[in-house]
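Asks: Dropping the sequence and predicted coords here.
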Amino acid sequence: MSNHLENEFELSNDEMHLYSRQILLDGWDIEAQEKLKLANVLIIGAGGIGCTSAELLARAGVGKITIVDADTIEMSNLQRQIAFTLNDLGRYKAEILAKHLQTINPHIQVNYQNIRFDPTNADDLVQHQDVVLDGCDNFSTRYLVNSICRKYQIPLISASAIGFEGQLFMVDAETACYECLFPKENHANEGLRCAESGVLATTPVIIASLQAHHTLLFLGRGLTPLKQKLLLWNGLNLSQRILQFEKDANCPVCQAT
Ligand SMILES: [Zn+2]
């Protein structure tokens with residue numbers, strides 16, 4: 001599904017009004033706002049991460065957002081998945097999130113697919129995006145997202161949250177990749193999936209806010225503060241560390257010829 005998108009690349013009067021507090025910013029002019037309007041962003045996962053990052057990008061004026069998630073809304077999601085209410089139980093997350101975004105900002109185009117991101121649809125979903133945001137809840141999807149983004153040289157901004165801790169990084173065609181950072185053999189028998197572990201209500205919202213923030217910097221200004229860097233956020237002492245990581249000379253994804 002999609003919605004009416006203003007034909008012009010230029011911002012309408014209504015859009016200028018909606019985004020006025022951004023356009024007033026030093027270092028964020030109409031040109032940066034127009035870049036957001038022209039941007040295509042794929043959000044993988046409409047859970048605790050995706051709900052927050054998608055909403056912030058929609059409010060900020062990212063012009064085309066596509067959401068992919070096969071799951072339906074359960075009672076235990078409402079604690080942290082801020083787009084959903086009791087009325088939405090049993091309905092598809094991607095669809096409800098997309099409709100929520102459209103009520104917030106009718107000037108953007110929001111697409112959704114109630115499917116799992118898998119090898120049969122990954123190429124079509126990724127290849128025309130300007131950036132991909134991963135907020136899914138399992139390692140196999142994360143490895144697939146990484147390899148497809150690398151295949152089409154699409155930047156990837158990836159966020160995760162478990163317990164009281166969050167992680168965020170950015171990779172692109174030039175950098176090391178997700179599999180350099182987290183080699184697959186280390187997670188082959190991973191018992192602890194995000195989908196099954198405990199998480200405080202605030203943790204995914206905080207790390208997803210940082211993911212959305214980085215995405216706006218990248219799309220509007222071309223800034224990449226976390227390119228090939230891993231941000232680790234500790235929700236118990238509120239400390240944050242940023243670590244550079246390196247290419248793995250044996251990485252089957254980014255070192256493949
Ligand atoms: Zn790699």
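Replies: All right, it came through fine. Residues are numbered from 1 along each chain as shown.

Asks: What ranges does the stretch 151-257 of the chain have for its helices?
Replies: 178-181, 202-216 (DSSP state H, counting those that start in this stretch).

Asks: Tabulate those helices (a markdown table), appending distance to residue 246.
Replies: Using the backbone N, CA and C atoms, a C-beta is placed for each residue, glycine as well. Compiled in a markdown table, these are given as follows (distance: least, C-beta to C-beta, whole Å):
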| stretch | distance to residue 246 |
| --- | --- |
| helix 178-181 | 7 |
| helix 202-216 | 20 |
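
Asks: Would you mind saying which of those helices lies nearest the ion?
Replies: Closest approach to the ion among these (C-beta to the ion): helix 178-181, 3.5 Å.

Asks: tell me, how many neighbours does the closest residue to residue 96 other than its chain neighbours end up with?
Replies: Spatially, and ignoring its direct neighbours in sequence, residue 96 is nearest to residue 88 (4.9 Å; C-beta to C-beta, 6 or more residues apart in numbering). Residues lying near residue 88 (other C-beta atoms under 10 Å) number 20.

Asks: correct me, but residue 88 touches residue 74?
Replies: No. Applying C-beta atoms under 8 Å as the test, residue 88 and residue 74 come out as separate, 10.0 Å apart.

Asks: re the thing from before, make JSON lines out of the helices of the stretch 151-257 of the chain and add distance to the ion and mean pLDDT.
Replies: As requested, the helices of the stretch 151-257 of the chain are exported to JSON lines (distance: least, C-beta to the ion, whole Å; pLDDT from 0 to 100):
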{"stretch": "helix 178-181", "distance to the ion": "3", "mean pLDDT": "96"}
{"stretch": "helix 202-216", "distance to the ion": "20", "mean pLDDT": "98"}
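
Asks: Make a markdown table out of these and add mean neighbour count.
Replies: A markdown table is the format used below for the helices of the stretch 151-257 of the chain (neighbours: other C-beta atoms under 10 Å):
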| stretch | mean neighbour count |
| --- | --- |
| helix 178-181 | 22 |
| helix 202-216 | 22 |
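
Asks: can you list the weak-confidence ranges in this protein?
Replies: Residue ranges of the chain with pLDDT under 70: 1-8, 188-195, 257.

Asks: Quickly list what the closest residue to residue 133 other than its chain neighbours is bridged to.
Replies: In space, residue 133 comes closest to residue 43 once its chain neighbours are excluded; the distance is 4.8 Å by C-beta to C-beta, 6+ apart. For residue 43, the beta-bridge assignment (DSSP bridges) gives partners residue 67, residue 133.

Asks: so what's residue 43 up against?
Replies: By C-beta atoms under 8 Å, 6 or more residues apart in numbering, the contact set of residue 43 is 50, 53-54, 57, 65-68, 133, 135.

Asks: One more: residue 253?
Replies: 146-147, 150, 177-180.

Asks: Pull up the residues of the stretch 101-250 of the chain that are close to the ion.
Replies: Within the stretch 101-250 of the chain, the positions near the ion by C-beta under 5 Å from the ion are 177, 179-180.

Asks: if you set the cut-off to 6 Å instead, what comes out?
Replies: Counting by C-beta under 6 Å from the ion, the residues of the stretch 101-250 of the chain close to the ion are 176-177, 179-180, 248.
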